[in-house]
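**Student:** Sequence plus the predicted model coming up.
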Amino acid sequence: MSEIALKHKIALGLIPRIGDINARKLVSHFGSVEAVFQESYRNLVKIPGIGTGIASYITERSYLDLAEQEAEYIARNNIKTYFYLDNDYPFRLRQCDDSPVVFFFMGNCDLDSAKILSVVGTRNATHRGKETCEKIISGLSDGNPDLIIVSGLAYGIDIFSHKAALANNLQTIGVLGHGFKTIYPSVHTSIAKSMI
C-alpha cells in the first residue's frame, strides 16, 4: 500500500462526526478515498447525511497532516492497517454495515479464523467469576487449539480471559479503545506484550 493511500485511509477515520457509514458513502460516491479529500465543499454538502459541518471538516484537510504522522508511526512500529475495501479486511467485519472503515492491528492472528470467541464481563470480577472464566476457556482449548479469544484488555473478566487464553496456549486479541502508543490500564502492558 502506498504511503499516500494509507494517509488518506487514516485521515478518513479521523474526520469528526463522519462515522463509518458516511465514510463508506463518500468513498462510494467519489470512487476512491483520495477523491474524497480533493472534492469541493459545494459538492460535499450535496451528499445526503454529510451536511455543512462534515463538509467543512473534510475541506479543511488538516487531518491529512495528522494522518501522515500516524502513517509514519505505523510504519516504524510494524502495525498493520485494515481498510474496509482492502482484500485482507476480515470476512466477518465485511458483513457489518457499520464495521470500522479502518482499524489497526499488531501481531499475527488470523482474523478470519474459523473459531473466535469474544469474552466480556464486569470490571470488578469476583473470585468465582475469574475461576469460571478460566474454566470455560481451559475447557474450550482442549478440543479447539485454534480458538482465538477476543476481549478488551481492561480490568476484570477482560484481563482474566486474556490470561486464561495465554495459559492454555491460545491466541488472544485485545480490542483497544485507544491507540497503540499507550496501554490502558498500564498494569496490563506485560500481558499485552505476551499477546503480541
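**Tutor:** Structure received. Numbers count the residues shown, from 1 in each chain.
**Student:** for the residue lying farthest from the centre of the chain, helix, strand, or coil?
**Tutor:** Relative to the C-alpha centroid of the chain, counting by C-alpha atoms, centre = their mean, Arg42 is the outermost residue, at 31.9 Å. Using DSSP: H, G, I helix; E, B strand; the rest coil, the structure places Arg42 in helix.
**Student:** Give me the distance between it and Leu12.
**Tutor:** 20 Å (C-beta to C-beta, to the nearest Å). No exception for glycine: its C-beta is placed from N, CA and C like everyone else's.
**Student:** next one: Phe180
**Tutor:** 19 Å.
**Student:** go on, Lys163?
**Tutor:** Remark: distance between Lys163 and Leu12 (C-beta to C-beta) = 36 Å.
**Student:** Look at the two and report which has more neighbours.
**Tutor:** Ranked by neighbour count (other C-beta atoms under 10 Å), Lys163 and Leu12 place Leu12 first, with 26 against 20.
**Student:** Now the more buried one: which helix or strand?
**Tutor:** Assigned by DSSP states H and E, Leu12 falls within helix 3-14.
**Student:** Now do that helix, average pLDDT.
**Tutor:** Here helix 3-14 scores 86 as its mean pLDDT.
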